[in-house]
Structures are given as C-alpha cells and as structure tokens.
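[1] below: sequence and its predicted model.
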Amino acid sequence: MADDKSKTGGQDRQRINVHEDYELRGWAKKFNVTPERLKEAVQAVGTQADDVERHLADKK
C-alpha cells in the first residue's frame with residue numbers, strides 16, 4: 001500500500017518506511033544512526049519504531 005502523505009499521525013508515526021527517502025532521513029536523524037544502519041535494523045526487527053529503537057540501543 002502506498003504511503004498516503006495526506007494522512008498523518010496515528011499508526012503511521014510508529015512505522016518506519018525505509019522506501020521513502022524523507023522518512024529514512026528523518027528516522028535516522030532521530031535515532032542518530034546512518035540510513036544504512038537504520039535499514040539493517042528494520043530488516044532485523046521490522047518496521048515498528050519502538051522495536052527498531054530498542055534494537056539500536058542494544059547494539060550501542
């Protein structure tokens with residue numbers, strides 16, 4: 001399903017879409033990691049932001 005940019009908030013704020021460049025950059029900046037590292041984390045644990053954040057914290 002395509003990312004509907006007209007609908008913000010809610011569930012969309014808790015999922016990371018690494019296929020959208022602006023989201024990839026934004027989440028990478030939030031977690032203070034490279035976009036490549038963020039992609040690896042999403043591949044390892046899925047797209048839920050909380051899971052990715054925990055995964056990245058465990059790896060530091």
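    Yep, that arrived.
[2] quick one: residues contacting the residue nearest the centre of the chain.
    Among the residues of the chain, the one closest to the centroid is Ile16, at 3.1 Å (CA atoms, centre = their mean). The neighbours of Ile16, taking CB atoms under 8 Å, 6 or more residues apart in numbering as the test, are 23-24, 27, 38, 42, 47-49, 52. The C-beta positions use only the backbone N, C-alpha and C, and glycine is treated the same way.
[3] mind giving me the PyMOL select for those, buried ones only?
    This is how PyMOL selects the buried members of the contacts of Ile16, with burial counted by 16 or more other CB atoms under 10 Å:
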select buried, resi 23+24+27+38+42+49+52
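[4] make a markdown table out of the contacts of Ile16 and add secondary structure.
    Below are the contacts of Ile16 laid out as a markdown table (DSSP: H, G, I helix; E, B strand; the rest coil):
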| residue | secondary structure |
| --- | --- |
| Glu23 | helix |
| Leu24 | helix |
| Trp27 | helix |
| Leu38 | helix |
| Val42 | helix |
| Thr47 | coil |
| Gln48 | strand |
| Ala49 | helix |
| Val52 | helix |
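[5] what is the most widely separated pair among the contacts of Ile16?
    Using CB to CB, the pair of these lying farthest apart is Leu24 and Gln48, separated by 15.7 Å.
[6] I'd guess Val33 is in a helix, am I close?
    No - Val33: not assigned to a helix; according to three-state DSSP it is coil.
[7] ok, it - how many residues close by?
    Counted by other CB atoms under 10 Å, the residues lying close to Val33 total 18.
[8] thought His55 was touching it, still the case?
    No - assessed by CB atoms under 8 Å, Val33 is found out of contact with His55, at 10.5 Å.
[9] pLDDT below threshold where in this protein?
    Scanning the chain for pLDDT under 70 picks out the ranges 1-12.
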